[in-house]
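Asks: need a 3D model of the sequence below.
(6 chains)
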6 protein chains.
Amino acid sequence: MTKWLPTLKTATPEEGYDLAVKMARVAVKMTQPDAAIRDRLRPEYAEDSTALIASSQVVATHFATVAAANDYWKDA
Amino acid sequence: MTKWLPTLKTATPEEGYDLAVKMARVAVKMTQPDAAIRDRLRPEYAEDSTALIASSQVVATHFATVAAANDYWKDA
Amino acid sequence: MTKWLPTLKTATPEEGYDLAVKMARVAVKMTQPDAAIRDRLRPEYAEDSTALIASSQVVATHFATVAAANDYWKDA
Amino acid sequence: MTKWLPTLKTATPEEGYDLAVKMARVAVKMTQPDAAIRDRLRPEYAEDSTALIASSQVVATHFATVAAANDYWKDA
Amino acid sequence: MTKWLPTLKTATPEEGYDLAVKMARVAVKMTQPDAAIRDRLRPEYAEDSTALIASSQVVATHFATVAAANDYWKDA
Amino acid sequence: MTKWLPTLKTATPEEGYDLAVKMARVAVKMTQPDAAIRDRLRPEYAEDSTALIASSQVVATHFATVAAANDYWKDA
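Replies: This next block holds a predicted model:
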């Protein structure tokens, strides 16, 4: 999982959002490195609205950081 | 779902709030891409006050970012 | 629900707090537009300390944004 | 409950913390205005570690705002 | 519990982190002032991973404030 | 556990992310200092999607602080 986050700069807000999603997922991978277990958990939480909303919250927190790093893409 | 977030700029705080709502929902879609499952989950969490409040929290986090991106619409 | 958020500016911190409460509630309304259902949920969560605290958290997040928009009412 | 928040300025970080605690509680009062019900809920959540930690989270969020409003009491 | 927070300034990030831990705990004490009850709750939540993670979240929020107050110890 | 956080500066965003993960874990250790108990809890929460997502949220909050401390690695 080296070199997965070389920079916080993205060309557009949408790419920044995708990066935030990635950043949210990497922490899960680092706490549960076993892909087989993650694959087993995935269908469960993907049908659990509480888990889906909690995931969205993590994305929102990372997106705030990515947006600040890009000066909110004001020049875009 | 391409080109759903071309900019964080909005004309008014209210449009910024609507954008924050959209941003909160997109992460859910990305984690649960199956629209049929999302449709099934929706009535459940829409009648669950904990889920409603948690959704509102995600909106609040995104709105903070959108507001900063618009310099709080100080010139509006 | 148009024109409910014309500006983030308020005269005092207290009015800013009231605005934050309103902002927290609007997201709930947007997710659950049916007033009859919301009225049914209200007594439940108003007697559930976890839900009350979670609501207070959303208000705190919005208040941070409103306060920043008003430069913390430093001139008040 | 008028005039409970005339300013975010406090003389010290500690007074700022006390203000943050107050700010966290007011939202609960606004959602559950019935003091008798709040008094009934209080012993329950005061012995529930999850609720205590969640309350502490709300205080932390408000304290961040109060601290920024006071420029972190750098001159104190 | 007077004079427990005279300043947000610390010499190092590590001392700032310790301060954030203290700040997270004080709110719990203020909501549950009875030390005997807190002592009874402690072993429960200290073996509850959800509670441990939630506590860590409060610390993270306070640390953000302490770090900003110290300009991120950039001169350290 | 002395000298575990000498600085918030890191060479890259990725090292900053690793630091945020460490910062999230230290608070857990400080609340539950018994390594044997933590080891017992670990497999439980590592297979609990709610706990995994909550952990990711703590990392996101710390990462925001680390990123700000590094001026978002804009010069990297």
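Asks: alpha carbons only for contacts and neighbour counts from here, please
Replies: Noted.
Asks: now do the buried residues in stretch A:36-53.
Replies: Of all the residues in stretch A:36-53, those buried under the rule 16 or more other Cα atoms under 10 Å in any protein chain shown are A:38, A:45, A:46, A:47, A:48, A:49, A:50, A:51, A:52, A:53.
Asks: the lowest-mean-pLDDT helix or strand in chain A packs against which elements?
Replies: Comparing helices and strands within chain A by mean pLDDT, DSSP states H and E singles out helix A:35-45 as the least confident, with a mean of 93. Contacts of helix A:35-45 with other secondary structure elements, assessed using 3 or more Cα pairs under 8 Å, 6 or more residues apart in numbering or on different chains; DSSP states H and E, are made with helix F:49-69.
Asks: kindly recompute the last result at 10 Å.
Replies: Contact here means 3 or more Cα pairs under 10 Å, 6 or more residues apart in numbering or on different chains; DSSP states H and E; on that basis helix A:35-45 packs against helix A:13-31, helix A:49-69, helix B:13-31, helix F:49-69.
Asks: tell me if the first one is near chain E.
Replies: Read it as helix A:13-31. No: if you take Cα under 10 Å from any Cα of the partner chain as the test, helix A:13-31 misses chain E, and the best it gets is 12.4 Å.
Asks: which parts of that helix are buried?
Replies: Of the residues in helix A:13-31, those with enough neighbours to count as buried (16+ other Cα under 10 Å) are A:13-21, A:23-29, A:31.
Asks: returning to what we had before: which of the buried residues of stretch A:36-53 lies closest to residue B:64?
Replies: Nearest to residue B:64 among the buried residues of stretch A:36-53, counting by Cα to Cα, is residue A:53 at 17.5 Å.
Asks: quick one: contacts for the residue nearest to residue A:65 when sequence neighbours are not counted?
Replies: The shortest distance from residue A:65 to any residue that is not its chain neighbour, by Cα to Cα, 6 or more residues apart in numbering or on different chains, is 5.5 Å, and that residue is residue F:64. Listed by Cα atoms under 10 Å, 6 or more residues apart in numbering or on different chains, the contact set of residue F:64 reads A:61-66, A:68-69, E:60, E:64, F:16-17, F:20, F:72.
Asks: one more pass at 8 Å, please.
Replies: With contacts taken as Cα atoms under 8 Å, 6 or more residues apart in numbering or on different chains, residue F:64 has the following neighbours: A:61, A:62, A:65.
Asks: got it, and residue A:38?
Replies: Applying Cα under 8 Å, 6+ apart as the definition, the contact partners of residue A:38 turn out to be A:29, A:32, F:47.
Asks: dead centre of chain A: give me the residue that sits there.
Replies: Relative to the mean C-alpha position of chain A, the nearest C-alpha, by Cα atoms, centre = their mean, is the one of residue A:21, at 2.2 Å.
Asks: what residues are up against that one?
Replies: The contact partners of residue A:21, taken as Cα under 8 Å, 6+ apart, are A:59, A:62, B:27.
Asks: one more time with 7 Å, if that's ok
Replies: By Cα atoms under 7 Å, 6 or more residues apart in numbering or on different chains, the contact list for residue A:21 reads residue A:59.
Asks: with residue A:17 instead?
Replies: Taking Cα under 7 Å, 6+ apart as the definition, contacts of residue A:17 comprise residue A:63.
Asks: disregarding residues adjacent in the polypeptide, which is nearest to residue A:5?
Replies: Spatial nearest neighbour of residue A:5, chain neighbours left out: residue F:14 (5.2 Å); criterion: Cα to Cα, 6+ apart.
Asks: I'd like to know how far the one you found sits from residue D:66.
Replies: When distance is defined by Cα to Cα, to the nearest Å, residue F:14 is 32 Å away from residue D:66.
Asks: cool, and residue A:25?
Replies: Counting by Cα to Cα, the gap between residue A:25 and residue D:66 amounts to 32 Å.
Asks: that older thread, chain center to the least confident helix or strand of chain A: distance?
Replies: Averaging C-alpha coordinates over helix A:35-45 and over its chain gives two centres that are 17 Å apart (Cα atoms, centre = their mean, to the nearest Å).
Asks: between it and helix A:49-69, how big is the angle?
Replies: With axes from the mean of the first three to the mean of the last three Cα atoms, to 10 degrees as the basis, helix A:35-45 and helix A:49-69 are set at 110 degrees to each other.
Asks: tilt between helix A:35-45 and helix A:13-31?
Replies: Our comparison of helix A:35-45 with helix A:13-31, counting by the same axes, to 10 degrees, yields an angle of 120 degrees.
Asks: convert the C-alpha atoms of helix A:35-45 to PDB, please.
Replies: Backbone C-alpha positions of helix A:35-45 (Å, rounded to 0.1, in the frame of the first residue of the first chain) are rendered in PDB as follows:
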ATOM      1  CA  ALA A  35      -9.000  -8.800   2.400                       C
ATOM      2  CA  ALA A  36     -11.100 -11.900   2.900                       C
ATOM      3  CA  ILE A  37     -12.500 -10.600   6.100                       C
ATOM      4  CA  ARG A  38     -13.200  -7.200   4.500                       C
ATOM      5  CA  ASP A  39     -14.900  -8.900   1.600                       C
ATOM      6  CA  ARG A  40     -17.100 -10.800   4.100                       C
ATOM      7  CA  LEU A  41     -18.000  -7.600   6.000                       C
ATOM      8  CA  ARG A  42     -18.700  -5.500   2.900                       C
ATOM      9  CA  PRO A  43     -22.200  -6.800   1.900                       C
ATOM     10  CA  GLU A  44     -23.300  -6.500   5.500                       C
ATOM     11  CA  TYR A  45     -22.500  -2.900   6.000                       C
END
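Asks: where in chain A is pLDDT low?
Replies: Counting by pLDDT under 70, the low-confidence segments of chain A come to A:1-2, A:76.
Asks: now with 90, please.
Replies: Counting by pLDDT under 90, chain A shows low-confidence ranges at A:1-2, A:43-45, A:75-76.
Asks: still on that earlier bit, so which of the contacts of residue A:38 comes closest to chain C?
Replies: Distance ranking of these against chain C, using Cα to the nearest Cα, places residue F:47 first at 24.6 Å.
Asks: any idea how far the closest one is from chain D?
Replies: Here the criterion is Cα to the nearest Cα, to the nearest Å. By it, residue F:47 lies 20 Å from chain D.
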